[in-house]
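1. 3D, please:
(chains A and B)
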2 protein chains.
Amino acid sequence: MGDRQRRLVLLSQYLVAHPLIQSSLTELSRRFNVAKSTLSEDLWFIKETLEREGLGTVESQVGVQGGIRYVPAIERQVLAETLARWCQRLNEPDRMMSDGFLYMTDLLFNPRWIDPMARLLAARFGDMGIEFVATVETKGIPLAMACAAALGSEVVLLRRDNRLSEGSSLSINYLSGSSHRIQSMSLSRRTSVRGGRVLFVDDFMKAGGTAKAAEDLLLEFDATVCGVGVLVATVEPSEKLVGQFSSCLEWDGTGRSAPVPSEWARVLCESRVGED
Amino acid sequence: MGDRQRRLVLLSQYLVAHPLIQSSLTELSRRFNVAKSTLSEDLWFIKETLEREGLGTVESQVGVQGGIRYVPAIERQVLAETLARWCQRLNEPDRMMSDGFLYMTDLLFNPRWIDPMARLLAARFGDMGIEFVATVETKGIPLAMACAAALGSEVVLLRRDNRLSEGSSLSINYLSGSSHRIQSMSLSRRTSVRGGRVLFVDDFMKAGGTAKAAEDLLLEFDATVCGVGVLVATVEPSEKLVGQFSSCLEWDGTGRSAPVPSEWARVLCESRVGED
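-> Predicted structure coming up:
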């Protein structure tokens, strides 16, 4: 078995194990102990092979920031199956809580369940130059972390209380759109979000009051919320307090019918752009 | 360029993109449209190539549950560099908070910073048959999710308050070992942790009161805490309220000196077991 075959395995392993991370050709040619011209040929072959199967691509960029990186494709079939499975699980008896919420904690905190949904949202917002993913504690955190990983960004955590361990914070109070209770959220002044482009994510949206408050609070830090993505949104009220949002699943809020994939999510899983 | 080379790229991509997930040979031979004997040869070649470079292995299991899966190696050099970088960042001026805590939220909520630390803990506890990773909200959640992903398990979230959305819960009050305040934590009766083997993780440990309370609460569900892993532990008090724990970093708690990697973490990053 030739050196080239070995190198193809090692290069593929390296690229796939470091998605979205830029590596310089110089670094790689040193790592794999091979001339840059040979390396380029190998990379080209890998790129073509992966692209042909719709598994992603190997991007190369020139210049100081130059280098190559593996950009995984959206696994449409996996995502479609995940959407279907979520709908099925959320329709289990006993998930409907007395206060009009769905019990989802078991799924939200299981990487196998939440990661594909995060990749779905990342695919939706991937081309918007997102620098930060914001969420309010607690149950949206796993979704936010997985989104940040898929987008190569980081999470800005909005706290429910002022915490000693966060130093001085800016807080806002707001009226929850669904419970009509006064809630508050705060963000540490140490945050690096200032001036950034933000995707706000959460597990559940009813009236959108939390998302709206997060937008307002982030605006105080000159940060712009460029997108709002949630796992489940209720159909009613149809007029949410935030202008635009994308939910993976929609739910009538009654427990009489199962949540269903939202239209954009269904379309995204079906579309074959760039694959033909 | 031959079919074999193409297949090696695609198989490597598939294995590395689905770490720890079992695939049957039948499924793979259908997917790659190749005879099982040829597939086995290819897999053997990939396994040998990856093992030789210390990049992990391809495990095969026979029987009903049989199949093959990629088990990534511990990237010792990456982890050693990560440990060093964490120590450096945590030593930045202004991270020392007035109450004896370190400001770490920015790093805890950045996948690039927290994921390798989770892999370090996963390597420490990988052979203990961990079924669940438990944490108390909020700041340990990203570490817990990343640990669960690395261990192929799921997270059990202990809440600070009883939440409507969790249904009925079991709560305990305890005296925080460091702040001497009464705290509480609760776990929904819906949890699937019953009877399970649990790794408890958190971002910070002083006296260990939180970890001890978590152990007690989980015991009420017949779950056994088999390990306690934290990111940073203070040197004092040297007698913690939990028997055994593993912290990635140790800190004298004064801000006069930087946190340092703990001994087991240093040893784990240096050891070359199985590589010679």
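2. pLDDT weak spots in the stretch 1-150 of chain A?
-> A:1, A:63-66 (pLDDT under 70).
3. mind listing the strands for it?
-> Using DSSP state E, counting those that start in this stretch, the strands assigned to the stretch 1-150 of chain A run over residues A:56-61, A:67-72, A:132-136.
4. How far away from the center of its chain is the shortest one?
-> For strand A:132-136, the separation from the chain centroid amounts to 10 Å (computed by CA atoms, centre = their mean, to the nearest Å).
5. Parallel or antiparallel, which strands does that strand pair with?
-> strand A:154-158 (parallel), strand A:197-205 (parallel) (DSSP bridges).
6. What of the first one?
-> Sheet neighbours of strand A:56-61, with direction, are listed as strand A:67-72 (antiparallel) (DSSP bridges).
7. hmm, back to that, looking at the strands paired with strand A:132-136, which is buried most?
-> Highest mean neighbour count among these (mean count of other CB atoms under 10 Å in any protein chain shown): strand A:154-158, with a mean of 27. Where you see a C-beta, it was placed from the backbone N, CA and C, and this is true even at glycine.
8. How far does that strand sit from its chain's centre?
-> 13 Å.
9. now swap in stretch A:110-128 and tell me
-> Computed by CA atoms, centre = their mean, the chain-centroid distance of stretch A:110-128 equals 4 Å.
10. about what we covered before: deepest of the strands of the stretch 1-150 of chain A, which one?
-> Ranked by mean neighbour count, these are led by strand A:132-136 with a mean of 27 (mean count of other CB under 10 Å).
11. So A:L39 sits against A:N33, correct?
-> No - between A:L39 and A:N33 there is no contact under CB atoms under 8 Å: 10.0 Å.
12. So which of those two has more stuff around it?
-> Between A:L39 and A:N33, counted using other CB atoms under 10 Å in any protein chain shown, A:L39 has the larger neighbour count: 20 against 9.
13. Tell me how many other residues crowd the residue nearest to the more buried one when sequence neighbours are not counted.
-> The spatially closest residue to A:L39, leaving aside those adjacent along the chain, is A:S29, at 4.9 Å (CB to CB, 6 or more residues apart in numbering or on different chains). A:S29: 16 surrounding residues under other CB under 10 Å.
14. Also A:T26?
-> Using other CB under 10 Å, A:T26 is surrounded by 12 other residues.
15. Does it touch A:L39 like I think?
-> No - A:T26 is beyond contact range of A:L39, at 9.7 Å (criterion: CB under 8 Å).
16. Got the domain ranges for chain A?
-> Per automatic domain parsing, the domain ranges recorded for chain A read A:3-72, A:76-270.
17. Make JSON lines out of the strands of the stretch 1-150 of chain A and add distance to B:Q22.
-> Below are the strands of the stretch 1-150 of chain A laid out as JSON lines (distance: least, CB to CB, whole Å):
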{"stretch": "strand A:56-61", "distance to B:Q22": "23"}
{"stretch": "strand A:67-72", "distance to B:Q22": "21"}
{"stretch": "strand A:132-136", "distance to B:Q22": "31"}
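18. Which one of these lies nearest to B:L50?
-> Nearest to B:L50 among these is strand A:67-72; the distance by CB to CB comes to 16.9 Å.
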